[in-house]
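A.B. asks: give the three-dimensional model of this entry:
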Amino acid sequence: MTTVYLTRADSSPFTVPSGVSSIAVTVVGAGAGGNGGTYHDTGYGGCGGGAGSIATATIATSPGSTITFVVGAGGAKGAGVHTAHPVYGNGGGAGGQSQFGATTANGGTAVDGCIKSWPVYYYGLDGTNGPLAGGSGAAHGDGTYYGAGGTGYGAGGGGGDGQNDGAGDGYDGGLGADGIIMLVYTAAVAPVASFTHSADGTPAPLTVNFTDTSTNTPTSWNWDWDDGTAHGTTQNPSHNFTTVGTFTVTLVASNAGGSDDYSHDIVTTAAPLANFIAWERFIHNQTAFQAKVRFYDKSTFSTTKINAYQWWFGDQQTFTTNFAVSTSQLLLADADDFFSVDDRVCLTTSASDLPNGLLTTVVYWVKAVTSTYLTVSLTQGGAAVTFSDNGTGTHKVEHGSNERNPVAIYRNVASDATYTIALKVTDVAASPVTDTETKTAYIRHRTALP
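C.D. replies: Predicted coordinates:
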């Protein structure tokens, strides 16, 4: 907080400082001068001058604007005289009016005269104290038995001594004190702009939430999204980036003290697009009891590379009985007709109770297989997956792979079949994004050549 005193020595107008939006104003008028003393017989002292008035206000301001002001001058001193009865001294001058903008305070009123009574009739009377403490106050009257000047800004002058000054006249009174203008204000400090945001680095369109963390209490915000759209003006906005790229978002935070800006890049990516082809799509039973199909990844990306693949080859077999926690077996009739040790397999489910420990997002190795069950592990030859509960429901197991361009082996079929193939790809973005391509009945398997 800053306090400024404007005196008669200061030049009008007052320029409002940067960062100041309001000012508490105190205006004090000047004090009147004291009366002079009169001489008659032993003399009569003069009266003290009256104090100026005070006015206060709080005004709204704009930094850099100007406000005119006047500081009133103290009233002139009254002259001592030699007079006959009735004995009144010459009155002091009235105090000057003070004004700051529309806030005005009148000066003190001069007293025409006064009569002192026995036994101190020759003493001058004191001036009235001013309405605001501070300053040097008003002057005292002349002579030995003068009246004291009032204290504070806008005080009245003291009365003059009524004793003979050697010329047969009383002594002069004192000058009134000048007025004053006191200004109190607090200058706002310019913000230091900053912000945080929710995660980026994922595919467009992407909505990002922004949080203003600027200091020094900004009162307005301007957000430039760097994408050609209209600027934001709220404190904590959200913005939807609809295209792929790097966008330098800039926040300008402002208050009465000034402005500051902060910029940070927001990155949006392009999602991978899964796709594949097969060679060949039409197969038939072979004398070796199996047919091979080579799949080729044709997925695309434009920002971040693909680093994970998961294939489902569509030759699903259904198992519906309980999973056995004690043996880690997937109970499946004729399991050895479809799977062999070290085959890669994936799991799918049409129920919500797939047992804990078996995930649809993992490609497993076949550890053991018989005519009644299948056991899987996470790695080739690794330990069997341990189930955390006994599961029921309808579940499926099929061949799969996590290679980029895998080979699928299909066992001979008793009747013509089709296989639905699915590929899920995952990119290497900070927040990985996946895409899945499914082609229904993509591979046709016949029992024999047509």
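A.B. asks: show me the chain divided up by domain.
C.D. replies: Split into domains by automatic domain parsing, the chain comes to 1-187, 195-269, 276-446.
A.B. asks: now, of the ones you listed, which is deepest in the fold?
C.D. replies: The highest mean neighbour count among the domains of the chain, using mean count of other Cβ atoms under 10 Å, belongs to domain 1-187: a mean of 24. All C-beta atoms are positioned from the backbone trio N, CA, C, and that covers glycine.
A.B. asks: mean confidence (pLDDT) on it, please.
C.D. replies: On average, the pLDDT along domain 1-187 is 88.
A.B. asks: now do that domain: distance to the chain's middle.
C.D. replies: The chain centroid and the centroid of domain 1-187 are separated by 52 Å, computed with Cα atoms, centre = their mean, to the nearest Å.
A.B. asks: ends of that domain, how far apart?
C.D. replies: Domain 1-187 has an end-to-end distance of 7 Å (Cα to Cα, to the nearest Å).
A.B. asks: going forward, the N-terminal residue is numbered 785.
C.D. replies: Sounds good: first residue 785 from here, last item domain 785-971.
A.B. asks: what separates residue 905 from residue 829, distance-wise?
C.D. replies: 7 Å (Cβ to Cβ, to the nearest Å).
A.B. asks: report the set of residues contacting both of those two.
C.D. replies: The overlap between the contact sets of residue 905 and residue 829 (Cβ atoms under 8 Å, 6 or more residues apart in numbering) consists of residue 946.
A.B. asks: is residue 844 in contact with residue 809, as I believe?
C.D. replies: No: with contact defined as Cβ atoms under 8 Å, residue 844 and residue 809 do not form a contacting pair (11.4 Å).
A.B. asks: ok, residue 977 - contacts?
C.D. replies: With contact set as Cβ under 8 Å, 6+ apart, residue 977 has these partners: 998, 1002, 1035, 1036, 1037, 1043, 1044, 1045, 1046.
A.B. asks: which ones among those residues lie within strands?
C.D. replies: In strands, judged by DSSP state E, the following of the contacts of residue 977 are found: 1035, 1036, 1037, 1043, 1044, 1045, 1046.
A.B. asks: closest one of the residues you listed to residue 1231?
C.D. replies: residue 1035 (68.9 Å; Cβ to Cβ).
A.B. asks: list of residues touching stretch 996-1011?
C.D. replies: 972-980, 994, 1015-1021, 1023, 1025-1027, 1029, 1031-1041, 1044, 1046.
A.B. asks: need the ones in strands among the contacts of residue 977 in TSV (columns: pLDDT).
C.D. replies: Shown next, in TSV, are the ones in strands among the contacts of residue 977 (pLDDT from 0 to 100):
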residue	pLDDT
1035	98
1036	98
1037	98
1043	94
1044	97
1045	98
1046	98
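A.B. asks: reformat these as a markdown table; add distance to residue 1058.
C.D. replies: As requested, these are arranged in a markdown table below (distance: Cβ to Cβ, whole Å):
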| residue | distance to residue 1058 |
| --- | --- |
| 1035 | 38 |
| 1036 | 42 |
| 1037 | 44 |
| 1043 | 48 |
| 1044 | 46 |
| 1045 | 42 |
| 1046 | 39 |
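A.B. asks: the closest residue to residue 876 other than its chain neighbours is in what secondary structure piece?
C.D. replies: Excluding the flanking residues, the one nearest residue 876 by Cβ to Cβ, 6 or more residues apart in numbering is residue 817, at 2.7 Å. For residue 817, there is no host helix or strand (DSSP states H and E).
A.B. asks: residue 817 reaches residue 863, doesn't it?
C.D. replies: No: here residue 817 does not reach residue 863: they are 10.0 Å apart, not a contact under Cβ under 8 Å.
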